[in-house]
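*Asks:* fold the following.
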Amino acid sequence: MIDNTLKGLFLKVFIGLLLISIISTAFYSYHFLNKQLFPSASTLQIKEGTSLTGVVRQLYANEIVSDPLTTRILLQGLGFQRKLRAGVYDIIPGETLLELVNKISEGKEKLFSFTIVEGHNFKDLLKNIESTQSISSEDISDLSVHELSTALGIKVSSPEGLFFPDTYHYPWGTTAFSLLRMSKKKMEEIIEEEWIDRNPNLAFSSKYEALILASIIEKETANPAERTMISGVFSNRLSKRMRLQSDPTVIYGLGNLYNGNLKKIHLKQWTPYNTYKIKGLPPSPIAMPGRDSIRAALQPKTTDALYFVSKGNGSHIFSSSLEDHNKAVNRYQRKQ
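*Replies:* Prediction:
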């Protein structure tokens, strides 16, 4: 009788202690998982094949957690080793270990940004991509321009001007090819959108020609207010079968021979892009135009102007006669 009573008492004590232990462990675990990790922002990079132990070591080495053993046991208990997803993750000030774990499990990676600059050319674009650590450029590093163009499905002779200048957001390790494909697709969408509202009396007939003209407008002026006017001048010259005589096209055609100083001899040197020598538009865009330049090419301002010359302050003087143009050149270029 006494033995049974003692056994019952011991059992109750054991159960009580077990419950206390479970509750204490649960409370400690909850507190451990939900306390703030550290006071400042950081990032965590998880590479393909990294184990749970490897992740915990990174957290400990970067002073994100102070107790690696408990961290590993708790995360293992949550089955985190099966939910690891490679990538770079932001660790936000005030964030808890549980919030970080959920973020990684859901693959909510840190997004990096890459800006394609209006007016840059394809060579500039590739150089900037290759120097950006967050972009993997191995997939295009051994390709020629022709091979890359073919892989991207480009049907025209040059990839120049086919990538829309904008800021693109992507996770770490995004390939150069996928970024190029993304920006090419966006340029196609922008052209389609702007083409709908085009002037019905344009001096050209295709979207590609619009892109070529837009690229010249982009390089001719950084003043948004002048773009439609410059487009109007070029449209007038195209309609009258006058040469465009655009310096940026000459510079593009010179390639590496251009050292920053455009000379008269360059204007006489034939290249497919020298619009002092050729009639009509050059064979391809000379840069990547933004939406405003594309819109200007498709909606030129109505004007009788046929010439323009830089005033040296970012703006231009427009003239409808060669006589007035020469006067403007003497005043603003030759300082006569």
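
*Asks:* CA atoms for contacts and neighbours, from now on please.
*Replies:* Noted.

*Asks:* show me where the stretch 151-300 of the chain has its strands.
*Replies:* Under the criterion DSSP state E, counting those that start in this stretch, strands of the stretch 151-300 of the chain are mapped to 167-171, 174-175.

*Asks:* just the stretch 1-150 of the chain next, same as before
*Replies:* Taking DSSP E, counting those that start in this stretch as the test, the strands found in the stretch 1-150 of the chain are 42-46, 87-91, 111-115, 135-136.

*Asks:* switch those over to JSON lines; also include mean pLDDT and distance to residue 325.
*Replies:* JSON lines is the format used below for those (pLDDT from 0 to 100; distance: least, CA to CA, whole Å):
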{"stretch": "strand 42-46", "mean pLDDT": "86", "distance to residue 325": "59"}
{"stretch": "strand 87-91", "mean pLDDT": "89", "distance to residue 325": "57"}
{"stretch": "strand 111-115", "mean pLDDT": "96", "distance to residue 325": "38"}
{"stretch": "strand 135-136", "mean pLDDT": "94", "distance to residue 325": "48"}
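
*Asks:* what sits up against stretch 260-277?
*Replies:* Outside stretch 260-277, the residues that touch it by CA atoms under 8 Å, 6 or more residues apart in numbering are 243-247, 249-254, 278, 281-283.

*Asks:* I'd like the average pLDDT over stretch 241-248.
*Replies:* On average, the pLDDT along stretch 241-248 is 96.

*Asks:* got the end-to-end distance for it?
*Replies:* One end of stretch 241-248 sits 19 Å from the other (CA to CA, to the nearest Å).

*Asks:* counting only helices, which of the contacts of stretch 260-277 make the cut?
*Replies:* Judged by DSSP state H, those include 247, 249, 250, 251, 252, 253, 254 as members of helices.

*Asks:* doesn't residue 286 make contact with the second one?
*Replies:* Yes. The criterion here is CA atoms under 8 Å, and residue 249 meets it with residue 286 at 6.7 Å.

*Asks:* more neighbours: these two, which one.
*Replies:* residue 286 (29 against 25; other CA atoms under 10 Å).

*Asks:* quick one: contacts for the more buried one?
*Replies:* Taking CA under 8 Å, 6+ apart as the test, what residue 286 contacts is 121, 160, 161, 212, 215, 216, 248, 249, 252.

*Asks:* Throw the strands of the stretch 151-300 of the chain into CSV and include distance to residue 104, mean neighbour count and mean pLDDT, thanks.
*Replies:* Output for those, formatted as CSV (distance: least, CA to CA, whole Å; neighbours: other CA atoms under 10 Å; pLDDT from 0 to 100):
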stretch, distance to residue 104, mean neighbour count, mean pLDDT
strand 167-171, 13, 15, 96
strand 174-175, 18, 17, 96
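
*Asks:* closest to residue 328 out of those strands?
*Replies:* Nearest to residue 328, of all the strands of the stretch 151-300 of the chain, is strand 167-171, at 38.6 Å by CA to CA.

*Asks:* quick one: strands adjacent to the closest one?
*Replies:* Here strand 167-171 is paired, per DSSP bridges, with strand 111-115 (antiparallel).

*Asks:* so the partner strand versus strand 87-91, what angle?
*Replies:* Interaxial angle of strand 111-115 relative to strand 87-91 (axes from the mean of the first three to the mean of the last three CA atoms, to 10 degrees): 110 degrees.

*Asks:* tell me how far strand 111-115 is from the chain's mean position?
*Replies:* Remark: strand 111-115 is offset 6 Å from the chain centroid, using CA atoms, centre = their mean, to the nearest Å.

*Asks:* buried ones in that strand?
*Replies:* Under the neighbour-count criterion of 16 or more other CA atoms under 10 Å, strand 111-115 has 112, 114 buried.

*Asks:* which residues touch that strand?
*Replies:* Against strand 111-115 from outside (CA under 8 Å, 6+ apart): 134, 165, 166, 167, 168, 169, 170, 171, 172.

*Asks:* for stretch 195-213, same thing?
*Replies:* Stretch 195-213 has contacts (CA under 8 Å, 6+ apart) with 161, 191, 231, 235-236, 238-239, 281-286, 289, 294-295, 297-300.
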